[in-house]
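>>> I'd like to go over a predicted model; first the sequence, then the structure.
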Amino acid sequence: MAITTRASAPGGGTSGAPAGPDGRPSAPPGRSTAWAEGVERVRAAATTEPGRLRIIGAVLAALVVLFGTVAVWEVSGRVTAAEDVVGRSQPLSADAASIYRSLADADTASSSGFLAGAQEPREVRQRYEKDIANASRLLVSAAANTGAGGESRKEIALLGEQLPRYTGLIEQARATNRQGLPLGGAYLRYANEQMSTVLLPAAQRLYEAETGRLYTDYDRARSWPVAATGAGVLALGALVWAQRRNYRRTNRVFNHGLLAATAAAVVVLLWLAVGQSVARAGLGEARADGQESLKVLNDARIASLQARANENLTLIARGAVLAEDKKSDKYDVDYEKNMKQLDAGLARALRLADDASGREPVSKAVEGVAQWKQRHAAARDADMKGDYEQALPRVIGDAQHKDSSGASFDTVDASLERAVAHEQKQFTLAARDGLGALGGLVTGSAVLAVAGAVAALLGIGRRLSEYR
């Protein structure tokens with residue numbers, strides 16, 4: 001009799017075991033994976049009412065927890081963005097505007113002091129030094145608070161590098177002017193060129209970069225929490241369906257646990273909708289009535305500062321620098337352009353002002369500009385006739401000429417400063433109101449979601465106890 005033997009397969013198997021696609025023996029018939037076993041158990045449980053109730057309870061609790069989790073996640077992002085608007089991006093934008101104003105005002109003060117001659121008025125000197133110190137301080141603050149890279153940091157580095165060069169030129173112009181040398185005017189014009197072609201454009205780019213980041217934070221804070229709203233509607237719909245199913249099977253109108261879970265979901269959904277709506281309204285008001293007005297007023301104030309600097313330089317240069325047409329005085333042409341920008345900015349600021357306290361200083365500035373133009377025309381007429389001694393006091397003022405164009409400029413500048421302070425206050429109040437509307441929503445959503453999930457499980461557990 002022939003004896004046949006079975007070859008042992010590696011690992012203790014036999015060569016008769018069926019092989020899988022990878023060459024390894026497949027699981028013996030009747031043996032299933034853990035996943036398949038789990039699915040089979042769920043399927044088996046779903047054939048009985050207690051099993052179905054357990055599945056429903058688990059799904060309801062998961063949906064409520066999902067709703068709370070998504071709500072916490074989205075609201076946290078909007079709270080962070082709103083806090084950035086109030087405490088970081090808007091202050092940085094305001095500081096960038098202040099850097100620009102301080103630089104422009106320093107340039108104006110330096111030219112005013114130069115016109116006064118060797119004996120520069122103390123108050124003019126102090127104004128210049130205060131502007132330079134303020135710009136330097138704000139640059140240090142901006143460098144510490146802005147992002148570690150990007151456009152802002154590049155402009156801050158450029159301003160930090162070029163500002164000492166500008167102040168060095170101003171000191172050289174002053175020293176030369178005290179000696180009565182005409183070369184002082186050349187140094188001052190070169191300093192003004194550095195300011196207008198390097199420093200002020202860099203400050204403008206810094207302001208635009210920070211304002212752009214502010215508007216990005218606005219958009220993030222005001223965006224609607226779509227995912228949380230969708231998850232809330234889904235959870236609420238599932239809870240309503242479960243209660244309707246319970247009513248149809250037991251003829252009981254209420255299940256206290258499911259009712260409590262539904263109430264928790266409704267509260268979170270309504271709180272989310274109302275809180276976000278109020279926040280959007282507050283932040284929208286801050287942007288429309290505060291930030292937009294601030295931007296227009298800052299631009300108007302800068303235009304007035306540049307106009308005043310060009311008015312001074314017109315007398316300092318005495319026709320030595322010509323415009324592109326090779327006939328007109330460059331600084332006088334720039335003055336006219338700045339005044340047109342100032343007129344347009346004040347007109348827009350009046351339209352944006354939404355209360356008497358905001359309109360009053362802007363109206364005062366408009367009156368000051370009209371007076372400034374008249375006095376400038378008189379000074380310019382005297383200068384064009386070659387009477388420099390009559391033109392100078394009409395611009396910088398003296399004991400006999402207190403109605404100078406410089407006095408009108410001071411009125412305009414002070415009025416715009418008041419208007420900026422008012423709009424800054426309006427912005428801060430509106431933005432904080434918007435941020436306050438989201439207060440407590442993160443914690444409340446988390447607590448109510450957990451409470452709702454527990455209530456749903458307890459409600460289903462009450463039904464399950466009837467089968468024991």
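Perfect, thanks for sending it. Numbers count the residues shown, from 1 in each chain.

>>> show me where pLDDT drops low in the stretch 301-450 of the chain?
Confidence mapping of the stretch 301-450 of the chain against pLDDT under 70 gives the ranges 319-320, 398-402.

>>> residues touching the residue nearest to the spatial centre of the chain, list them.
Geometric centre of the chain, nearest residue: residue 214, 1.5 Å, by C-alpha atoms, centre = their mean. By C-beta atoms under 8 Å, 6 or more residues apart in numbering, the contact list for residue 214 reads 85, 89-90, 92-93, 291. Placement of C-beta: from N, CA and C, glycine included.

>>> And for residue 366?
Residues in contact with residue 366 (C-beta under 8 Å, 6+ apart) are 346, 350.

>>> On the secondary structure side, give me the element for it.
Residue 366 belongs to helix 356-384 when elements are defined using DSSP states H and E.

>>> Give the next helix or strand downstream of that helix.
The first helix or strand that comes after helix 356-384 along the chain, using DSSP H and E, is helix 388-396.

>>> That next one - contacts with which helices or strands?
Secondary-structure packing of helix 388-396 (3 or more C-beta pairs under 8 Å, 6 or more residues apart in numbering; DSSP states H and E): helix 90-115, helix 292-317, helix 356-384, helix 405-436.

>>> burial of the nearest residue to residue 239 once chain neighbours are set aside, as a residue count?
Nearest residue to residue 239 in three dimensions, chain neighbours excluded: residue 262, at 4.5 Å (C-beta to C-beta, 6 or more residues apart in numbering). Burial of residue 262 is recorded as 24 neighbouring residues (other C-beta atoms under 10 Å).

>>> Just confirm residue 262 is within a helix.
Yes - assigned with DSSP: H, G, I helix; E, B strand; the rest coil, residue 262 falls within a helix.

>>> residues touching it, list them.
Residues near residue 262 by C-beta under 8 Å, 6+ apart: 236, 239-240, 243, 452.

>>> do that again at 7 Å, thanks
236, 239-240, 243 (C-beta atoms under 7 Å, 6 or more residues apart in numbering).

>>> Let me have the contacts of residue 214 in TSV, extended by distance to residue 348, neighbour count and pLDDT.
Below are those laid out as TSV (distance: C-beta to C-beta, whole Å; neighbours: other C-beta atoms under 10 Å; pLDDT from 0 to 100):
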residue	distance to residue 348	neighbour count	pLDDT
85	23	30	89
89	23	23	87
90	20	26	87
92	24	25	89
93	18	25	89
291	14	25	86
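
>>> And the residues you listed, which two are furthest apart?
92 and 291 (12.6 Å; C-beta to C-beta).

>>> quick one: the residue nearest to the centre of the chain and residue 239, what's the gap?
Between residue 214 and residue 239 the computed distance is 41 Å (C-beta to C-beta, to the nearest Å).

>>> quick one: low-confidence parts of the stretch 151-300 of the chain?
Ranges of the stretch 151-300 of the chain meeting pLDDT under 70: 251-253.

>>> just to revisit the earlier point, if you rank the contacts of residue 262 by neighbours, which is first?
residue 239 (25 neighbours).

>>> my guess is that one meets residue 259, correct?
No - with contact defined as C-beta atoms under 7 Å, residue 239 and residue 259 do not form a contacting pair (8.8 Å).

>>> so residue 254 is in which element?
Applying DSSP H and E, one finds residue 254 in no helix or strand.

>>> where's it relative to residue 176, distance?
93 Å.

>>> So which of the two has more stuff around it?
It is residue 176, of residue 254 and residue 176, that has more neighbours when counted by other C-beta under 10 Å, with 18 against 11.

>>> Buried residues in the helix or strand that contains the more buried one, which are they?
For residue 176, the host element (DSSP H and E) is helix 150-178. Neighbour-count burial for helix 150-178 flags 151-153, 155-156, 158-159, 163, 166-167, 169-170, 172-174, 176-177 (criterion: 16 or more other C-beta atoms under 10 Å).

>>> and the next element down the chain from that helix?
helix 183-194.

>>> what's the next secondary structure element after that following helix?
Following helix 183-194 in sequence order, the next helix or strand is helix 200-222 (DSSP H and E).

>>> can you pull the buried residues of the following helix or strand past that following helix?
Next helix or strand after helix 200-222 toward the C-terminus (DSSP H and E): helix 226-250. In terms of neighbour count (16+ other C-beta under 10 Å), helix 226-250 has its buried residues at 228-229, 231-232, 235-236, 238-239, 242-243, 246.

>>> Now do the lengthiest helix in the chain: which elements does it pack against?
Longest helix in the chain, counting residues (DSSP state H): helix 49-84. Counting contacts by 3 or more C-beta pairs under 7 Å, 6 or more residues apart in numbering; DSSP states H and E, helix 49-84 is packed against helix 34-45, helix 200-222, helix 226-250, helix 256-285, helix 405-436, helix 441-464.

>>> Nearest to residue 298 among these would be which one?
The nearest among the helices and strands packed on helix 49-84, by C-beta to C-beta, is helix 405-436 at 6.8 Å.

>>> Now do the closest one against helix 256-285: the angle between them, please.
Relative orientation of helix 405-436 versus helix 256-285 (axes from the mean of the first three to the mean of the last three C-alpha atoms, to 10 degrees): 170 degrees.

>>> okay, the angle between helix 405-436 and helix 292-317?
Interaxial angle, helix 405-436 versus helix 292-317 (the same axes, to 10 degrees): 160 degrees.

>>> what separates helix 405-436 from the chain centre, distance-wise?
Mean-position distance between helix 405-436 and its chain equals 18 Å (C-alpha atoms, centre = their mean, to the nearest Å).

>>> same question, stretch 240-252
Chain-centre distance of stretch 240-252: 50 Å, with C-alpha atoms, centre = their mean.

>>> Sort out which residues of stretch 376-384 are buried, please.
Within stretch 376-384, the residues scored as buried using 16+ other C-beta under 10 Å are 376, 378-380, 382-383.

>>> Could you dump the contacts of residue 262 into CSV with distance to residue 296 added?
Output for the contacts of residue 262, formatted as CSV (distance: C-beta to C-beta, whole Å):
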residue, distance to residue 296
236, 45
239, 51
240, 51
243, 56
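
>>> so which of these comes closest to residue 295?
The closest of the contacts of residue 262, once distances to residue 295 are taken by C-beta to C-beta, is residue 236, at 42.6 Å.

>>> Just list the residues touching the closest one, thanks.
Residue 236 is in contact with 262, 265-266, 269, counting by C-beta under 7 Å, 6+ apart.

>>> Find the residue closest to residue 451 in space, skipping its chain neighbours.
Residue 451 sits nearest to residue 264 (C-beta to C-beta, 6+ apart), 5.4 Å away.

>>> let me redo that: residue 100
Nearest in space to residue 100, with sequence neighbours left out and distances taken as C-beta to C-beta, 6+ apart, is residue 203 at 4.1 Å.

>>> my guess is the one you found meets residue 101, correct?
No - counting by C-beta under 7 Å, residue 203 sits too far from residue 101 to count as a contact (8.9 Å).
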